[in-house]
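Visitor: Okay, predicted coordinates and the sequence, questions at the end:
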Amino acid sequence: MPKFFSGRSIYASGSGAVAELDETESFSRGYLLGVDGGGTKTHAVITDAESCVVGEGVSGASNPIRVSLDVAISHIESAIRDACAQAGIKPGEISSACIALAGINHPTHYHAMDEALRRALDTARLYLVADAHAALAGALDGRPGIIVIAGTGSIAMGMNPAGVIERSGGWGPTLGDEGSGYDIARRALRAVAASFDGRERQTVLTQRICDRLGIASAADLPGVIYRSDRESVEIAGLARLVTEAADEGDRVARDILAEAGCELAELAVSVIEKLELQSEPFRVACVGSVFNSGEHILKPLRESVSRIAPGAEIGSPIHPPAIGAVKLAIQFGQESSG
């Protein structure tokens, strides 16, 4: 079971950003790489031997379920290349790397990605983990608690004081992803179709979605939604329109986001019960673009979680997932060198 350590200070993204982890526990040989890849983007971070961020890179999606394996590898390479360029180093100078990706929970997907990464990357120590593990390492900074990830997809994961880790969700768009950006967008599309039929109330989502998709009316939706090249990440991008409509008071949009918040709460509650944290004080860290919807999502999530775990505190992650991946790269590097 991973023994996540606690960093001492801060991480701030952007130009000139510095993340200073606990130097006494850092892997002292060369540069470290952490990569967080999901259904929308890939974020790479490189730190030096003093645990300061010296390079960052961002590229497209690297979830192999949502894009092809080749595209995922290409985006990972691109993010790492940009991070190396900013750091002024070559990939071969990276002493330990942790690549954290969505879509690799099944052994078939994991092994295919692991083999492809080892062919593509020139790194001495390379470790592949699910994105939720890196998010957990960063968001809670080694402390017991829960993370709820809601971006293009959704998953919850947590750790109790004994170090036991459990998860719920992460099944992908066909089997699950409740409360995710994709799920919110799918609910919005259904609401627009039902409104067009006269089965549901009118909503400003109809005009907003038609404008975004470049169609004249809801009657044209099947032609663009069922296109063979339409990716789920494109559909998930419509979730932002739901937030905009909810902010303006649209009842349909608000109901969709409230339902999503309840779905995410169910993921969290499932993990809380597995870890028997109901009577413990702990943090629930919310990670991912869906939480940009603010209280539309957070209020129902908070209310549902507090009913079963009154000591739970809903909040932001302490560190982003890419820093969590660096923490794992340090841990795994230390273990393999010891």
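Guide: The structure has been received and is ready for your questions.
Visitor: Could you measure from the nearest residue to residue 151 once chain neighbours are set aside over to residue 183?
Guide: Excluding its sequence neighbours, the residue lying closest to residue 151 (Cβ to Cβ, 6 or more residues apart in numbering) is residue 288, at 3.7 Å. Using the backbone N, CA and C atoms, a C-beta is placed for each residue, glycine as well. Residue 288 sits 12 Å away from residue 183, taking Cβ to Cβ, to the nearest Å as the criterion.
Visitor: residues of stretch 197-205 that come out buried?
Guide: 203, 204, 205 (16 or more other Cβ atoms under 10 Å).
Visitor: what's the answer for stretch 165-185, then?
Guide: Buried positions in stretch 165-185, judged by neighbour count with 16+ other Cβ under 10 Å: 165-170, 172-173, 176-185.
Visitor: Among those residues, which are located in strands?
Guide: Mapping these onto strands (DSSP state E) picks out 165, 166, 167, 168, 169.
Visitor: possible to save these as TSV with distance to residue 225 and pLDDT?
Guide: TSV is the format used below for those (distance: Cβ to Cβ, whole Å; pLDDT from 0 to 100):
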residue	distance to residue 225	pLDDT
165	37	92
166	35	94
167	30	92
168	29	93
169	24	92
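Visitor: And the furthest pair within these?
Guide: Distance extremes for these: the farthest pair is 165 and 169 at 14.1 Å, using Cβ to Cβ.
Visitor: ok so, going back, now, which of the ones in strands among the buried residues of stretch 165-185 sits nearest residue 258?
Guide: residue 169 (18.5 Å).
Visitor: Spit out the contact partners of that closest one.
Guide: 154, 155, 156, 176, 177, 178, 267, 270 (Cβ atoms under 8 Å, 6 or more residues apart in numbering).
Visitor: Return the item of the residues you listed having minimum pLDDT.
Guide: Confidence by pLDDT is poorest for residue 176 among the contacts of residue 169, given 80.
Visitor: Name the nearest residue to that one, ignoring sequence neighbours.
Guide: residue 169 (5.8 Å).
Visitor: For residue 49, the count of nearby residues, please.
Guide: Per other Cβ atoms under 10 Å, the neighbour tally for residue 49 reads 14.
Visitor: what's the following helix or strand after the longest helix along the chain?
Guide: Looking across the chain with DSSP state H, the single longest helix is helix 251-275. Per DSSP states H and E, the first helix or strand lying C-terminal to helix 251-275 is strand 282-287.
Visitor: Run the angle between the following helix or strand past that following strand and strand 282-287 for me.
Guide: Remark: after strand 282-287, the chain's next helix or strand is helix 295-308, criterion DSSP H and E. Comparing the axes of helix 295-308 and strand 282-287 via axes from the mean of the first three to the mean of the last three Cα atoms, to 10 degrees yields an angle of 160 degrees.
Visitor: Contacts for helix 295-308, please.
Guide: Here helix 295-308 has contacts from 148, 150, 179, 243, 246-247, 254, 257-262, 264-266, 268-269, 272-273, 278, 284, 286, 290-291, 312, 314, using Cβ under 8 Å, 6+ apart.
Visitor: What residues sit buried inside that helix?
Guide: So for helix 295-308, counting by 16+ other Cβ under 10 Å, buried means 296, 297, 298, 300, 301, 302, 304, 305.
Visitor: Same list, the residues you listed, but as CSV with pLDDT please.
Guide: Formatted as CSV, the buried residues of helix 295-308 follow (pLDDT from 0 to 100):
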residue, pLDDT
296, 97
297, 96
298, 97
300, 96
301, 97
302, 96
304, 95
305, 96
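Visitor: Just give me the closest of the residues you listed to residue 40.
Guide: Of all these, residue 40 sits closest to residue 297, with 17.1 Å by Cβ to Cβ.
Visitor: Okay, now the unreliable bits of the stretch 101-250 of the chain?
Guide: Across the stretch 101-250 of the chain, the ranges flagged by pLDDT under 70 are 228-233.
Visitor: Can you list the residue ranges for helices in it?
Guide: 107-120, 131-139, 172-175, 181-197, 205-213, 221-225, 232-236, 239-247 (DSSP state H, counting those that start in this stretch).
Visitor: looking at these, which is buried most?
Guide: helix 131-139 (a mean of 29; mean count of other Cβ atoms under 10 Å).
Visitor: Show me what that one is packed up against.
Guide: strand 31-37, strand 94-101, strand 145-150, strand 154-159, strand 165-169, strand 282-287, helix 321-337 (3 or more Cβ pairs under 8 Å, 6 or more residues apart in numbering; DSSP states H and E).
Visitor: okay, these in TSV with distance to residue 109 next?
Guide: Formatted as TSV, the helices and strands packed on helix 131-139 follow (distance: least, Cβ to Cβ, whole Å):
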stretch	distance to residue 109
strand 31-37	13
strand 94-101	9
strand 145-150	17
strand 154-159	14
strand 165-169	16
strand 282-287	21
helix 321-337	18
